[in-house]
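**Q** Just to be clear, the model below is a prediction. Sequence and coordinates:
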Amino acid sequence: MDTRIKQLYQKTQEYDGKTVLLKGWIRNNRDQKEFGFIDLNDGSTFETLQVVYESKVLDNYKEISKLRAGCSVEINGTLVLTPNSKQPFEVKANTITLLGDSPEDYPIQPKRHSREFLRENAHLRVRTNLFNAVFRVRSVVSHAIHKFFQDRNFIYVHAPIIAASDAEGAGEMFQVTTLDLDHVKEIDYSQDFFGKKSNLSVSGQLHAEAYALAFHDVYTFGPTFRAENSNTKLHASEFWMIEPEIAFADINDDMQLAEDMIKYIIQDVFDRCPSEMQFFDQFVEKGLIQKLKKVLNSKFKVATHKEAIDILLQSGTKFENLPKHGEDLATEHEKYLTKHFDGPVFIIDWPKDIKAFYMRLNDDNETVAAMDLLVPQAGELVGGSQREERMDYLERRIQELGISDKDLWWYKDLRKYGGCKHAGFGLGLERMIMYVTGVDNIRDVLPFPRTPKNCDF
């Protein structure tokens, strides 16, 4: 049975002097005429393993010395401790067998590549240090999210990906249809697959609310889709969202849950990905570890939207976008505010006119019980609110915003039958990964990114 490189790093002393069987891919191969070095990675860990092979040991030395990066090989060798070298141990090969060749046109050569070039080779880019680390952290973050909620007895809800309602009221949705649109003069949705207009979901929130009012605490975690024609570093057409909903809870409970979750994720990444975090800190964002540790040790601050705008207006800073009461915050405003508060800050009590219909109206009749969590350097990380549990208020907001409630009858039933105060928020998985890795483009934390005019692979 073959041994994984991760096992060797975890139990080095146990393997000292023992024969191991390894299978993996060559990252680099350096021939020194009488002996050579292979940097081997088998996917089990971020670390590579140095394999030493000698001409006096291998019958196929010449063949092995010519193997290129990308080749898959099987290696039988002996683990030897090397306390005086850079690596703690190496494997001296007894035999090396080529399993899969890699021709000279292999794109991922052992040198630095631009991220643009690697996006064009998304099927191979995970074989580089950067993307190997990014997607290992993505896996750990995803698992940490499930652990966080499961340990708190939340119910995991699989919200539908196809929906008739638009949770955000934004209208930027991908339509789902089986109609032959090339030969249809007038669209009759009664003849379509679902008998009505349907779309890929932009959020699982509304469905999560239904389950929260039966299970108390729930969360959704799945893909969401936005047909937003935006080519910024922060937007993608397909991404993953985490959306918890908690019953008998208000905006303050919502903020506490978000703070606890963010800190839990960061700590879990530190615990499980120390090598990757050192790599990011050294090569991607200097000071990343210090930034995240500061978040771990801080109490998140709170400011109202009005207070935030006043701070921006009184700052004396010449912003590209002039801050205004009643309007949204620009990215530059968010970054200034995190510097001003010297850490994460919740902005609450947003103007109702720029927020969604389901957010609870405050007593001033001008703002809603919404919250956005802003974090240093990244800006908005979490968005949420206390939900409007009062039927008359909810119906009034739907009418004010001109939203058709034909497909929201079931959502209104949640207020009609045993309604209660409840709250929730959304966290974009990719935003969280960008924050903990320092990678600044969403295309580089999605395995195969879907963006406007790009659906390759």
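**A** Received it, and whenever you're ready, just let me know what you need.

**Q** just the strands in the stretch 201-350 of the chain please.
**A** 217-225, 238-247, 301-304, 345-351 (DSSP state E, counting those that start in this stretch).

**Q** For the shortest one, list the C-alpha coordinates in PDB.
**A** So the one you mean is strand 301-304. Provided in PDB are the C-alpha atoms of strand 301-304 (Å, rounded to 0.1, in the frame of the first residue of the first chain):
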ATOM      1  CA  LYS A 301     -17.300  47.400  16.600                       C
ATOM      2  CA  VAL A 302     -20.700  48.800  15.600                       C
ATOM      3  CA  ALA A 303     -21.800  52.000  13.900                       C
ATOM      4  CA  THR A 304     -25.000  53.200  12.300                       C
END
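
**Q** Buried residues, it. List them.
**A** Within strand 301-304, the residues that qualify as buried are Lys301, Val302, Ala303, counting by 16 or more other CB atoms under 10 Å. Every C-beta, even on glycine, is put in place using the N, C-alpha and C of the backbone.

**Q** returning to that earlier point: same list, the strands of the stretch 201-350 of the chain, but as CSV with distance to Leu329 and mean pLDDT please.
**A** Converted to CSV, these look like this (distance: least, CB to CB, whole Å; pLDDT from 0 to 100):
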stretch, distance to Leu329, mean pLDDT
strand 217-225, 22, 96
strand 238-247, 21, 97
strand 301-304, 11, 98
strand 345-351, 7, 98
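
**Q** What residues does the closest residue in space to Asn365 that isn't next to it in sequence make contact with?
**A** Excluding its sequence neighbours, the residue lying closest to Asn365 (CB to CB, 6 or more residues apart in numbering) is Lys352, at 8.0 Å. Contacts for Lys352 were tallied using CB atoms under 8 Å, 6 or more residues apart in numbering; they are Met359, Leu361, Asn365, Glu366, Thr367, Val368, Arg397.

**Q** Am I right that Gln386 sits in a helix?
**A** No. Judged by DSSP: H, G, I helix; E, B strand; the rest coil, Gln386 forms no part of a helix; its state is strand.

**Q** Contacts only, for it.
**A** So Gln386 contacts Ala249, Asp250, Ile251, Asp254, Met359, Arg360, Ala369, Ala370, Lys421, His422, Ala423 (CB under 8 Å, 6+ apart).

**Q** Please spell out the PyMOL selection for the buried subset of the residues you listed.
**A** With 16+ other CB under 10 Å as the criterion, this PyMOL line picks the buried residues out of those:
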select buried, resi 249+251+254+359+360+369+370+421+422+423
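
**Q** Would you format the contacts of Gln386 as TSV with pLDDT and distance to Ser85 included?
**A** Formatted as TSV, the contacts of Gln386 follow (pLDDT from 0 to 100; distance: CB to CB, whole Å):
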residue	pLDDT	distance to Ser85
Ala249	98	55
Asp250	98	58
Ile251	98	56
Asp254	98	52
Met359	97	59
Arg360	98	62
Ala369	98	59
Ala370	98	56
Lys421	97	62
His422	98	58
Ala423	98	55
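
**Q** In helices only, show me the contacts of Gln386.
**A** Under the assignment DSSP state H, these contribute Ile251, Asp254 to helices.

**Q** Pull up the gap between the residue nearest to Asn365 and Phe425, please.
**A** Going from Lys352 to Phe425 by CB to CB, to the nearest Å gives 18 Å.
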